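Trainee: need a structure here:
(chains A and B)
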Amino acid sequence: MSEGVSPPGKRSGFTFSIRNPRDFWGGLVLIALAIIAIWASRDLPGQRGFAFGPGTAPRLFAGLLAALGAVIALVGLVTDGPPIEKYKIRGPSFVIISILAFAAMVRGVSGTLFGIHLSFPQLGLLPSTFFAFMISILGSTEMRWVESLIAAVAMTAFCWLLFVVLLKLPFQLWPSFF
Amino acid sequence: MSELLANLWMGFHVAANPYNILFCLLGALVGTLVGVLPGIGTVATIAMLLPITFGLPPVGALIMLAGIYYGAQYGGSTTSVLVNIPGEATSVITCLDGHQMARQGRAGPALSIAAIGSFFAGCVATVLVAALGAPLTSIALLFGPAEYFSLMCLGLIFAVVLAKGSVLKAVAMVVTGLLLSMVGSDLETGAGRMTFDVAELADGIGFANVAMGLFGFAEIIRNLELPSESRDIVQSKITGLMPTRQDLIDSAGAIARGTILGSLVGILPGGGAVIASFAAYTFEKKISKDPSRFGRGAIEGVAAPESANNAAAQTSFIPLLTLGIPPNAVMALMVGAMTIHGIVPGPQVMTKQPELFWGMIASMWIGNLMLVVINLPLVGVWVSLLRVPYRLLYPSIIVFCCIGIYSINNSPTDVVIAAIFGVVGYWLVKHDFEPAPLTLGFVLGPLMEENLRRAMLIARGDPTVFFTRPISAVLLSVAIIMLIIAGLPKMRRRRDEVFVE
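Mentor: Numbering: from 1, shown residues only, chains lettered A, B, ... in the order given. The predicted model follows:
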């Protein structure tokens, strides 16, 4: 369709502004996602006779997604919309780091990243909960230390009560080297 | 009729089992507790609490989840009345008159009328679910793979058209969900698909991780950005919970009308409960002798939408239990929970596991009763919860979610996946994409693909089969017509108006 028209329009200098950046960039990301999906399923066998292969449906839906993404991006060029809200850094990153830290601490990780051997000991459920709480609370601009420490201990106790005592889930509670 | 009664009797037998009553009670309580917390809507509540139901027997787990659902909704209306912060979209309209009543010192009657209206609506809707269950199921059992595929398309389109936001973007989200659901082993050949050689992805992306990330973590990150709002909590002590005789007389009609409207709208996929509460409020205002009272603490303005949204919440179980199609995000979570317990939602549930089907229906009624009996006396507790500052609340939710996800498979990778979906959810919000259609596509993905493949195999690879089989053709045409109507400029404007209000 008129899909081919949009890239030159976009590149025709910095004077051209995207009228609905939320839709435009959103659409482009969807296209990228579809391309990744097609690339990831490139080795899967497709249609054989009447039967769908494992790769048929992913390619089918990825193609559909790419088309939809293109239409969304195109609509983003021809209609007006609000600008993209600023991404905040502090809150989201502390939250995500705390979740990742929980994942790393609760079981411990070891692996090789870029040739460097990294390992993190298993801390067990209770320290992991406490530290994850403390890391995530740093994301708030209104954080107060004393109050936070008390709340972290209380929440750890609550989780222990709920998941370990009441639901009887088999967790390692303390560090393995203890 | 007698069969219906016998079935309901069996259901009550299951639901009245002491353990199941306990699960129902726990669900309703915990649901209200989390639902009351500011900034956490119904879907996020259910997503957060999913893991703690996984250790239970299937019937108990679903009963508890249903309890959590009603509890969360009820919690939402409590905050609407007391703080003027709607817990979620369905109780937005309750703020208008509910909070005004609270400011006039009539928070008690507002809350109890909301509870009574919800309970009445729940009773009616329970009977409706039971009555419609059998006939719809028998229709669904006649469906072949082609019809089923078309039905799922129709369900998804309906859900997209009746929900808020751009239809085009919602369809894109559905397709994204479908695509994500294909990660993992192929059902027929076992070939790993799009797993990027990550061993943990071989079983696919866990549904709970997606739900927790998109609804739990993303919502928290999003809330952190908002300036800490000044909460206008009604400080005065709530005296006199019971409504006066006049209140009851005034609201009786509104409750009945709200119930009928809500039940009808709720069966439709999409934001059924949201539309129901708006429609009920508008209708009451229209037929009222003195419309100017609305917005100034008219009790009908609380009774009608609250009854309607509860009726709709309950009748939205109908498409799920009979056809296996989740009409909204909450029901998508239910599908996820059922799948984890090894139950494939759909017409087979009723024939193969009647005790689960009827037990759940009966427990809806019990759950509603519990909300009236337990929650009203606890209003004071809920109010004190609202005073917990968000800066302490959100880390608690995060660690709770982390442990919850980790507990499902004892897998740290699941926690990482949820974190990724948290970031995805945050990005989606920034670009005005709704996460709900993605979830719908994600849970329906495996079923859709299976039926598509089977239909194509039976038709010897002829894709026109979807249009040559009459039922399938009708379903698909309706879906296409819906899409076209929603795309018409005039309808688009009307739709925007409805959802902006």
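Trainee: how close does the most centrally placed residue in chain A sit to chain B?
Mentor: Of all residues in chain A, the one closest to the mean position by C-alpha atoms, centre = their mean is residue A:96, 8.8 Å from it. Plainly put, residue A:96 is 5 Å away from chain B if you go by C-beta to the nearest C-beta, to the nearest Å. Yep, even glycine has a C-beta here, placed from its N, CA and C like the rest.
Trainee: Wait, that residue touches residue B:419, no?
Mentor: Yes: using C-beta atoms under 8 Å, residue A:96 makes contact with residue B:419 at a distance of 5.5 Å.
Trainee: hey, what's in contact with both of these two?
Mentor: residue B:217 (C-beta atoms under 8 Å, 6 or more residues apart in numbering or on different chains).
Trainee: element containing residue 93, please.
Mentor: As the question left the chain open, I've gone with chain A. According to DSSP states H and E, residue A:93 maps onto helix A:90-107.
Trainee: could you do chain B instead?
Mentor: With DSSP H and E as criterion, residue B:93 is part of helix B:92-103.
Trainee: average model confidence for that helix?
Mentor: If you average the pLDDT over helix B:92-103, you get 82.
Trainee: Please state the offset of that helix from the chain centre?
Mentor: How far helix B:92-103 lies from its chain's middle: 23 Å, per C-alpha atoms, centre = their mean, to the nearest Å.
Trainee: Could you do stretch B:124-135 as well?
Mentor: The chain centroid and the centroid of stretch B:124-135 are separated by 18 Å under C-alpha atoms, centre = their mean.
Trainee: Count the residues that sit near the nearest residue to residue B:250 once chain neighbours are set aside.
Mentor: Among residues not flanking residue B:250 along the chain, residue B:299 sits closest, at 5.3 Å (C-beta to C-beta, 6 or more residues apart in numbering or on different chains). When neighbours are counted by other C-beta atoms under 10 Å in any protein chain shown, residue B:299 registers 26.
Trainee: Pull the number of nearby residues for residue B:2.
Mentor: Residue B:2 has 6 nearby residues by other C-beta under 10 Å.
Trainee: do the same with the one 3 residues further on
Mentor: Applying the criterion other C-beta under 10 Å, we find 10 residues in the vicinity of residue B:5.
Trainee: swap in residue A:40?
Mentor: When neighbours are counted by other C-beta under 10 Å, residue A:40 registers 16.
Trainee: Output the longest helix belonging to chain A.
Mentor: helix A:56-78 (DSSP state H).
Trainee: do that helix and chain B meet?
Mentor: Yes: residues of helix A:56-78 contacting chain B under C-beta under 8 Å from any C-beta of the partner chain: A:56-58, A:61-62, A:64-65, A:68-69, A:71-72, A:75.
Trainee: mind giving me the domain split of chain A?
Mentor: Following the assignment in automatic domain parsing, chain A carries domains at A:2-78, A:90-166.
Trainee: Could you dump those domains into JSON lines and include mean pLDDT?
Mentor: Formatted as JSON lines, the domains of chain A follow (pLDDT from 0 to 100):
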{"stretch": "domain A:2-78", "mean pLDDT": "79"}
{"stretch": "domain A:90-166", "mean pLDDT": "86"}
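Trainee: Can you list the buried residues in the longest helix of chain A?
Mentor: Of all the residues in helix A:56-78, those buried under the rule 16 or more other C-beta atoms under 10 Å in any protein chain shown are A:56-62, A:64-77.
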